[in-house]
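> Below are the sequence and a predicted model; questions follow.
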Amino acid sequence: MAEKGKKKSSYISGKESRKISRFNRRVTRKLEQQRADAGKDPALYTVKMEDENNVVEFDNVCTYFFTDVGTVKAVDGVNFNVPRHSTVGVVGESGCGKSVTSLSLMQLLARPSGQTVGGQIRFNMGDGTAINIVNTPNSVMEKIRGNRISMIFQEPMTSLNPVFRIGEQVDEVTRLHNPEMSDEDVKARTLEMLELVGIANKEGVYNMYPHELSGGMRQRICIAIALACSPTLIIADEPTTALDVTIQAQILDLLQNLKDKLNSSIMLITHDLGVVAGMADYVVVMYAGRVVEKGTADEIFHHPMHPYTIGLMKSKPVVGKKVDKLYNIPGSVPNPVEMPDYCYFRDRCEMRCEECSGQYPPEIKVSDTHVVSCYRYMKEGEVIKYPQSVNVEEL
Amino acid sequence: MAENLNITAPAAENDNILEVRNLVKWFPIKSSFFKRTIGNVKAVDGVSFNIKRRQTMGLVGESGCGKSTCGRTILRLQDKTAGDVIFDGQDVFALSREELRKLRPRMQLVFQDPYSSLSPRLPVGEIIGEAVREHGIVEPSEYDEYITRVMDVCGLPSYYKERYPHEFSGGQRQRICIARSLALAPDFIVCDEPVSALDVSIQAQIINLLKELQDDFGLTYLFISHDLSVVEHISDTVGVMYLGSMVEYAETEKIFSNPLNPYTKALFSAIPIPDPDVKLNRIILKGSIPSPANPPAGCKFHTRCEQCMEVCKYAVPSWKEVEPGHFCACHLYNDAEDTARAEEAVKEAKKSGQITVDKEVL
C-alpha cells in the first residue's frame, strides 16, 4: 500500500522536530532583525514603480510560513499588477495563497512565523514615488493601512466588534487618519459614509450594535469602514461568500458603484468564478501559491489556456447549460510542505507532456495582457521568466 | 451492487415516495420569566409537495426561509406543529416508537458541514458501521465485508477504516458522511447543503458521486441548497421557499426557463454567471428577508416585490397550478375566482382597521 508508506514519510521524529524549531527560530530572528534595520532609512524602502499607471505591483513575492512541520511556501513567486481604476479578480481554491497575497500587501501576516522573504510589493503613493511594502516599517504602514489601502473581510459577523456601537467603529477610522478633524466633522463624515453604502436609517444605525443588523447590513458597515478615507485600493477578501444570492447581488452592485465614485481600484479575492466574471476587468488564477494564468476577464473566460483554469471552468455547473456529468479535476493539491520541483499541477493534469516533468514552467506571454505558465504554450508565446523561489537554507 | 444493499422493491401502486401536506413548524418564543409563549417563529408555514421515487427535488431559498427546518421535520427529527408527512404510504408522525425505529434506516440525512458532523473520536469504519450494526442491516458475519463494499461505492479505500476524521480533507469527509447514510440502504436521503462548504473542484466530485449513487441504488433525494446552479444541475423538480412558504414549484427546466413568481425571477437573476459578456439584467431586491416571527400580512414577499399591487398587502395569494405541473402562489396569476376572494379579504382587512402601515424598507 503506497498510501501507508507515504503516511510514514510525513512522520516527524523528536530529533527532526527540534531541528526544525531551531532553524525556524534562527531564520525568523534574522528576518525580524533585517526588517528593523531596513526601517531606519526611508531610502531602503522607497522604490520606483515600473509603470505609473499601476496602483500595486507584485514582483516575485514570496511569503513563507515557518511552521513546526517545515516551511510552507504559501505564496511563492507571485507576479501581477493592479492597474488604476480597475478591478482585479484573484481566483483559486482554498489554500492556494490568495488571502496570504492580500495579507502580505497589508503587512498583516502573523509574524514572526509568517514572513515575506523575497520579492517586492510596490505601492504607488501617487506623488511619483512608491514604497516597497515588504520592508516598510510599521510606523509608515499605520498611515497606509485603512487610509490608502483598506480591506473588506469575508465574515461580516466576526469583523465588527460586538461591544462598540456602529457609529464609533466607523468614526474610529476617520479620526485615526485625520486627527485634525473635530468630533462633529467626524460624525458628519460617518453619516455620509453610511448613506453612501445604502443605509436609509443612518441616524438610527449610528447608535446600534452589530448584532442588531442582518448579514447584508453588517457587510455594508464593513464597506463603509473600508471606504471612510477614500482609499486608492480596496482589497475585498471573499466579500460575499457568507451572504445569500440576493444580498450578494446588492453588495456587488454597491461595490461596483462606489469604485467609480471614489476612483479606487479593487482587488477582489474569491473562489466564485461567477462573481469574478461580473465584476473584474483582469483575472489572476492562482494554484498552490503560484499564479498559473492571468489576463483580462474576456481572455480568461473565453480562451482559458492553463489546464487548471479549464478544469475549474468545466467543474462549475452553470445555469442554462445542461451537462450530464460535471468534469472533476482528479486528485488534490500537493502537500504545501513538500512541493514537487516540477509543475505543481502535473499530477492532476490530463494534458501533461514530457516537458512537464522538468523545471516548473516559466511565465509565457501569449498576448499583451495574457500570461500563462504551462509548457503547452512554449511555441505560441514569448517566455518572460521562470518563477524564483527563495532558498530558505541560505537565509 | 444494488441488489447487495437490500434495496426494497418500489411499491408499484404509488409513484410518490414522499407526500408533504400543509406542513407547519412553529418555534414558540417564550417570555423570559413565566415561560409563557408570547409569539411564534413561523419557520415553516404551510408547505406541500410530493417527491416521486428515484427523483431529486431541489429546495432553494435565502437563509432563514425554513429549508433546513422543512427537511428535518420531514424526517421527524423534530415534531411538527400541523400538517402531514406521508412516507411510502405511512404517516411519519403517527408511528409508534418501535415503528419509527424500523423506518429510520430508510430515511437518511447528509449534513452541511462535514467538519462538525463526524465524531472525532470514532474511526471511519465505526462511523459508517455503527448504525448498520444497531439496525441489524446485515448478518454479523457479513458486517466487515459490507462496510468495505459501501466504502468502495463511495470512493473510499478500505484501509481508511482505522483512520480518524481529522486525517481527511473536506471532500473525503463528505464522502464518509454519504457512506454513513448509504450504509443503511435508505430509499430517501435529505441532503442539507452537502456541497456548500466545499471547493468548486471538490463540489463537482461530490455532485457526481450523489448522481451515480442515485442511478445505482434508486435513491430519492431532497436536495436543500442556496446554490441555484448546483440545484439546476442535480434536480428533477425545484421548489422555491420564501419566509416559510413555498412560492413556486415546477420541473427544473420549466422553472428555470420561465419563472413565474417575482421572487423566483429576482432570485434567478441574481445568480452570477461565469461569462463576462453576460451583462445581467439583474433585479436587485431591496432590503433583506423579514423576520419569520412577525411576517408581513398578505403576500409575505410584498415588502420587497417590484410588482407589488394593492391587493398583495392584504390578501394571502392562493397556491395553485398556473400551468400544468407548474405551481405558484402570486396574485399576478389570479383568475376571476381568486380575484373575488382577494378583494373580499382586502375589504375585510380595511373594515376591521387592520391596515398595515407601509414601513420604510431599508
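Received the coordinates, thanks.

> Regarding residue A:175, which helix or strand does it belong to?
helix A:166-177 (DSSP states H and E).

> Please pull up the helix or strand immediately following that helix.
Next helix or strand after helix A:166-177 toward the C-terminus (DSSP H and E): helix A:183-196.

> Show me the strands in the stretch 151-300 of chain A, by range?
A:233-237, A:265-270, A:282-287, A:290-296 (DSSP state E, counting those that start in this stretch).

> Neighbouring strands - and their directions - for the second one?
For strand A:265-270, sheet partners with direction are given as strand A:87-91 (parallel), strand A:233-237 (parallel), following DSSP bridges.

> Export only the CA atoms of the first one, formatted as CSV.
What follows is strand A:87-91, C-alpha atoms only, in CSV (Å, rounded to 0.1, in the frame of the first residue of the first chain):
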residue,chain,number,x,y,z
THR,A,87,-10.9,45.6,-10.6
VAL,A,88,-8.6,42.6,-10.5
GLY,A,89,-10.1,39.3,-9.5
VAL,A,90,-7.9,36.7,-7.8
VAL,A,91,-9.4,33.2,-8.1
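
> Write out the residues of the stretch 201-350 of chain B neighbouring chain A.
Taking Cβ under 8 Å from any Cβ of the partner chain as the measure of proximity, the stretch 201-350 of chain B contacts chain A at B:201, B:203-205, B:207-208, B:211, B:226, B:228-230, B:232-233, B:256, B:266-278, B:280, B:282, B:284-286, B:288-289. Where C-beta positions appear, they are placed from N, C-alpha and C, glycine not excepted.

> Which members of those are positioned in strands?
Judged by DSSP state E, strands contain none of those.

> what's the burial count for residue B:284?
16 (other Cβ atoms under 10 Å in any protein chain shown).

> Can you give me every residue that contacts residue 184?
As the question left the chain open, I've gone with chain A. Going by Cβ atoms under 8 Å, 6 or more residues apart in numbering or on different chains, residue A:184 touches no other residue.

> My question was about chain B, not that one.
Residue B:184 neighbours (Cβ under 8 Å, 6+ apart): B:104-106, B:108, B:131-132, B:135, B:137.

> How many residues are close by the residue nearest to residue A:115 when sequence neighbours are not counted?
What sits nearest to residue A:115 in space, not counting adjacent residues and going by Cβ to Cβ, 6 or more residues apart in numbering or on different chains, is residue A:31, at 5.0 Å. As a burial measure, residue A:31 scores 18 neighbours (other Cβ under 10 Å).

> for the closest residue to residue A:210 other than its chain neighbours, what are its contacts?
Excluding the flanking residues, the one nearest residue A:210 by Cβ to Cβ, 6+ apart is residue A:160, at 4.1 Å. Residues in contact with residue A:160 (Cβ under 8 Å, 6+ apart) are A:166, A:169, A:210, A:218, A:221-222.

> State the pLDDT value of residue A:160.
Residue A:160 carries a pLDDT value of 91.

> now the one 5 residues further on
Listed pLDDT for residue A:165 reads 94.

> Ramachandran angles for it?
phi -70, psi 150 (degrees, to the nearest 10).

> pretty sure it contacts residue A:211?
No: counting by Cβ atoms under 8 Å, residue A:165 stays clear of residue A:211, with 11.3 Å between them.

> Which one's more surrounded, these two?
Higher neighbour count among residue A:165 and residue A:211: residue A:165, with 16 against 9, using other Cβ under 10 Å.

> Number of residues surrounding the residue in the stretch 251-395 of chain A that chain B sits nearest to?
Nearest to chain B in the stretch 251-395 of chain A, going by Cβ to the nearest Cβ, is residue A:274, at a distance of 2.8 Å. The burial count assigned to residue A:274 is 21, neighbours taken as other Cβ under 10 Å.

> Quick check: nearest residue in space to it, chain neighbours excluded?
In space, and not counting its chain neighbours, residue A:274 is closest to residue B:272: 2.8 Å by Cβ to Cβ, 6+ apart.

> all helices for the chain, in order.
No chain specified, so I'll use chain A. All helices of chain A, identified by DSSP state H, fall at A:2-9, A:14-38, A:42-45, A:98-106, A:138-144, A:166-177, A:183-196, A:202-206, A:215-227, A:245-262, A:273-279, A:297-302, A:307-314.

> that's the other chain; I wanted chain B
B:67-74, B:97-103, B:124-135, B:143-153, B:170-182, B:200-217, B:228-234, B:252-257, B:262-269, B:336-351.

> Return the list of helices and strands in contact with the third one.
To tie it back to what came earlier, the one meant is helix B:124-135. Secondary structure elements in contact with helix B:124-135, counted by 3 or more Cβ pairs under 8 Å, 6 or more residues apart in numbering or on different chains; DSSP states H and E, are helix B:143-153, helix B:170-182.

> contacting residues for whichever residue of chain B sits closest to chain A?
Among the residues of chain B, residue B:272 lies closest to chain A, at 2.8 Å counting by Cβ to the nearest Cβ. By Cβ under 8 Å, 6+ apart, the residues touching residue B:272 are A:248, A:252, A:272, A:274-275, A:277-278.

> Any buried residues in the helix holding residue A:175, and which?
A:166-167, A:169-175, A:177 (16 or more other Cβ atoms under 10 Å in any protein chain shown).

> Repeat that for stretch A:345-360.
Result for stretch A:345-360 [16+ other Cβ under 10 Å]: buried residues A:345-346, A:348-349, A:352, A:356, A:360.
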